[in-house]
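Visitor: Here is a sequence with its predicted model. Questions after.
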Amino acid sequence: MPESFFILSQEYLEIAIDEITALAKMYDRFAKTVVIDNLVIVQSKTNWQEITKRASFVKISGQVLRKMSGLFLDEENFGELKTAKTFACRIINLSSNEFSIPELENSMGDMISKFTNAKVDLDEPEITIYLIFTNKENFFGFSKIMKKTVRPEKIGSHPHELDWKLTRAMINLLGIREGEAICDPFCGTGTTLLEAESMGIHGIGLDFDEKMVKMSKENIEKNAFGAEIIQSDFQEIKNISNKYNAIVTDFPYGKSSKVSQKPENIIKKFFKIVPSHKKIAVMYKKELADDLKIRGLKTYQIYRHKSLTRTILIK
């Protein structure tokens, strides 16, 4: 079965690893993953590009051609370059060994040039050849140019709005497929809705604050998305439960939050009324929920500063 590789950002590494695993399983329930530091190898029938375009924290990705006990390349390894006009070589060293990366990249480039008609292009190569070194195994693979993803734009924003990468990761951790729908009962400026819609997932937003509803609608319209936005208390999730597959939200906190009730009471009531069969990914101020004994499949701690830690809960 084909294997893909994903080099992940060290930022929120645990979330990044779990996100790739969740996406791989979403597309192929028989997918297998191996984690080596910030490298994830996925064995699956799913193309690496399908996972990459959904993921939040992937720095480099591609297809694994072979595993290697050492550095040994021959003409058979360069089949992917037969039709390529340009290429580049990249070495990724995740091992404890030290060597000259530029020298090795140049040597590999010279070797490939002998076996193919492709020319070196370090700026925009058709194919990039990778050698990935770890303390366990070495991998030889390649990637091709992917169409750049256009990020959703915002007309208005808020200083406490949810980080888009974490928002996207929360949706992916739930394994929400294209064509399904998520609800954000505290949608604010619409970050969750924008990320969902950009992935082909329908968004439904609720917010108690008229100003936030207006701003969210403007942001959705700016991107020509079809998300539905309703000015309502979060308890509306009970009445529209047939419209969505999952809830993804960032609970309001702090004095600047304009909500119908105190943040701690909102969290407590939310978990009492949320439909039991819905998937949930929520973020909240850690201190607000310490006494509520909230349990989920997994939690992640997001440290902001000494007086603020956010918790992401997947349920």
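Guide: That came in fine, so what should we check first?
Visitor: Low-confidence regions, this protein specifically.
Guide: Along the chain, segments meeting pLDDT under 70 span 68-80, 156-161, 253-261, 289-292, 307.
Visitor: Longest strand in it, please.
Guide: Using DSSP state E, we find that the single longest strand of the chain is strand 58-68.
Visitor: who touches that one?
Guide: When contacts are defined by C-beta atoms under 8 Å, 6 or more residues apart in numbering, strand 58-68 is touched by residues 2-9, 16, 20, 41, 48-49, 51-52, 77, 80, 90, 92, 128, 130-131, 137-144. In this view, the C-beta of every residue, glycine as well, is placed from N, C-alpha and C.
Visitor: and with 7 Å instead?
Guide: 2-9, 41, 48, 52, 77, 130, 137-143 (C-beta atoms under 7 Å, 6 or more residues apart in numbering).
Visitor: List the pairing partners of that strand within its sheet, with orientation.
Guide: strand 3-8 (antiparallel), strand 138-144 (antiparallel) (DSSP bridges).
Visitor: Buried residues, the longest one. List them.
Guide: It stands for strand 138-144. Judged by neighbour count (16 or more other C-beta atoms under 10 Å), strand 138-144 contains these buried residues: 138-143.
Visitor: Next: stretch 38-46.
Guide: 38-44, 46.
Visitor: same question, stretch 105-122
Guide: Quick answer for stretch 105-122 (16+ other C-beta under 10 Å): 105, 108-109, 111-112, 115-116, 118.
Visitor: ok so, going back, reformat the strands paired with strand 58-68 as JSON lines; add distance to residue 27.
Guide: JSON lines is the format used below for those (distance: least, C-beta to C-beta, whole Å):
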{"stretch": "strand 3-8", "distance to residue 27": "11"}
{"stretch": "strand 138-144", "distance to residue 27": "18"}
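Visitor: Among these, which comes closest to residue 207?
Guide: The closest approach between residue 207 and any of the strands paired with strand 58-68, judged by C-beta to C-beta, belongs to strand 3-8 at 32.7 Å.
Visitor: any idea which of the buried residues of strand 138-144 is the one closest to residue 226?
Guide: Within those, distances to residue 226 taken as C-beta to C-beta reach their minimum at residue 143, with 32.5 Å.
Visitor: is that closest one in a bridge, and if so with what?
Guide: Counting by DSSP bridges, the residues bridging with residue 143 are residue 128.
Visitor: All the helices of the stretch 1-150 of the chain, in order from the start?
Guide: 13-27, 48-52, 101-115 (DSSP state H, counting those that start in this stretch).
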